[in-house]
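Participant: here is my input, please return the structure:
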Amino acid sequence: MTWSPGDGLAPTPVVQLGVEVAGTPRRLWLKLEGRNPYGSIKGRTALALWRDVAGRVDPSVGFVESTSGNLGLALAALAAAQRVPFTAVVDPRASVALLYDIRALGARVVAVDTPDGAGGYLLNRLARVRSMLDARPGLVWPNQYANPANPAAHEAGTAPELHWQTHGERMSVLVAVSTGGTLAGFRRYAATSGADWELIGVDAAGSAALGGPVGPRLLSGIGSSRASVFLPDGHRPTVYVDPAEAVRVCLWLRDTTGIGVGASAGALVAAALRLFRADARRTSAACLCPDGADRYLDTVYSAAWRRAHGITGHAVVPGVRVLAVGESAGPVTEEAGS
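Facilitator: Numbering: from 1, shown residues only. Modelled structure (predicted):
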């Protein structure tokens, strides 16, 4: 199998975990997108969005985007490199450390703190972006929520990269959903490449991204107040994960393997373990981990934050045991994965 970086970025590593679930050995692959430029999978999305709008951005006016944090940081870095103004429209769930870094790169941060009535703040963030566009002629909005460059980045880059790194193995591939762009890109790649994947969407309880009923949501980076434009008919199968389960799996993974992942990755691993329990024939699953623990030190990895939100209990996942941890940067052999 051959592969070349469709987005021009170096491949992010894949960690192979040998796990025993309910007494059956399985293989769990973690693709660590926190190793991307700017610390998250949104580095790929930001680069694609910038390439799409660069020719329309007036250096004296700049551009604006609604973001939960990761995309804002990546776009702020690109804007600083191009010496154009950038404004990130955020909400209270954005990491304090991320907002500090966005400002340090010279970007402006506009905070929206009124809930949108659909479990989050997205609808009001988008309303703020539109009001800014009306008030500032020439201001450009890349619009990560509807721009085809978003799924195209993952169809051309992330998905074939994972396929190459896992040597074309038959497996379940779990992708977290917010805009739906990543999952849409993976679906297109699987359809055209013949990848032997069971693609599974993972969403937050209370999210409307894939057509579910809206409700309160706690975690950033996963879920949405509205249906995905890229997946208007939803996606099947989809697994919904509540915040307490995602957080406990993050803590368990850190404590048992030393690997720190973000909240949406915790939801992915929680969903994968559920699927392993449900079907002994599922022997291999890959989780596309969007970012690392560094973005969640004041939330997921803060005991005070967990207590404030009623997330208690030990970082234990019953019936699951880690057997081995290994890393692969490219195609693996059977021996390397055993």
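
Participant: could you pull out the helices for the stretch 101-250 of the chain?
Facilitator: 122-135, 149-153, 159-165, 181-193, 243-257 (DSSP state H, counting those that start in this stretch).

Participant: in CSV, list those helices along with distance to Asp203, mean pLDDT and mean neighbour count.
Facilitator: C-betas here are computed from N, CA, C, even on glycine. Compiled in CSV, the helices of the stretch 101-250 of the chain are given as follows (distance: least, Cβ to Cβ, whole Å; pLDDT from 0 to 100; neighbours: other Cβ atoms under 10 Å):
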stretch, distance to Asp203, mean pLDDT, mean neighbour count
helix 122-135, 14, 97, 16
helix 149-153, 17, 98, 25
helix 159-165, 19, 97, 24
helix 181-193, 10, 98, 21
helix 243-257, 11, 96, 21
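
Participant: any idea which of those helices gets closest to Ser228?
Facilitator: helix 181-193 (7.5 Å; Cβ to Cβ).

Participant: which helices and strands does the closest one pack with?
Facilitator: The contact analysis (3 or more Cβ pairs under 8 Å, 6 or more residues apart in numbering; DSSP states H and E) places helix 181-193 against helix 149-153, helix 159-165, strand 171-176, strand 197-204.

Participant: the inter-axis angle of the third one versus helix 243-257?
Facilitator: Think strand 171-176. Counting by axes from the mean of the first three to the mean of the last three Cα atoms, to 10 degrees, strand 171-176 lies at 120 degrees to helix 243-257.

Participant: packing partners of strand 171-176?
Facilitator: Helices and strands touching strand 171-176, by 3+ Cβ pairs under 8 Å, 6+ apart, are helix 181-193, strand 197-204, helix 263-278, strand 284-289.

Participant: and Leu98, which of these is closest to it?
Facilitator: Comparing the helices and strands packed on strand 171-176 by their distance to Leu98 (Cβ to Cβ), the top pick is helix 263-278, with 13.1 Å.

Participant: quick check: buried residues in that closest one?
Facilitator: Under the neighbour-count criterion of 16 or more other Cβ atoms under 10 Å, helix 263-278 has 263-273, 275-276 buried.

Participant: now the residues you listed in TSV, with distance to Leu9?
Facilitator: What follows is the buried residues of helix 263-278, written out as TSV (distance: Cβ to Cβ, whole Å):
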residue	distance to Leu9
Ala263	23
Ser264	20
Ala265	19
Gly266	24
Ala267	24
Leu268	21
Val269	24
Ala270	28
Ala271	26
Ala272	25
Leu273	29
Leu275	29
Phe276	31
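
Participant: now render the residues you listed as CSV, adding pLDDT and distance to Ala149.
Facilitator: Listed next are the buried residues of helix 263-278 as CSV, based on pLDDT from 0 to 100; distance: Cβ to Cβ, whole Å:
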residue, pLDDT, distance to Ala149
Ala263, 97, 25
Ser264, 97, 21
Ala265, 98, 24
Gly266, 97, 28
Ala267, 98, 25
Leu268, 98, 24
Val269, 98, 29
Ala270, 97, 30
Ala271, 97, 27
Ala272, 98, 29
Leu273, 97, 33
Leu275, 96, 31
Phe276, 96, 35
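
Participant: re the thing from before, and of the helices and strands packed on helix 181-193, who's closest to Ala74?
Facilitator: Of all the helices and strands packed on helix 181-193, helix 149-153 comes closest under Cβ to Cβ, at 11.4 Å.

Participant: what sits against the residue lying closest to Cys287 once chain neighbours are set aside?
Facilitator: Leaving aside its chain neighbours, Cys287 sits nearest to Leu268 (3.9 Å; criterion: Cβ to Cβ, 6 or more residues apart in numbering). Contacts for Leu268 (Cβ atoms under 8 Å, 6 or more residues apart in numbering) come out as Leu174, Val175, Ala176, Val202, Cys287, Leu288, Cys289.

Participant: could you dump the helices of the stretch 101-250 of the chain to CSV with distance to Trp50?
Facilitator: Shown next, in CSV, are the helices of the stretch 101-250 of the chain (distance: least, Cβ to Cβ, whole Å):
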stretch, distance to Trp50
helix 122-135, 17
helix 149-153, 9
helix 159-165, 20
helix 181-193, 15
helix 243-257, 30
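
Participant: among these, which is nearest Leu297?
Facilitator: Nearest to Leu297, of all those, is helix 243-257, at 11.6 Å by Cβ to Cβ.

Participant: the closest one - contacts with which helices or strands?
Facilitator: helix 263-278, strand 320-328.
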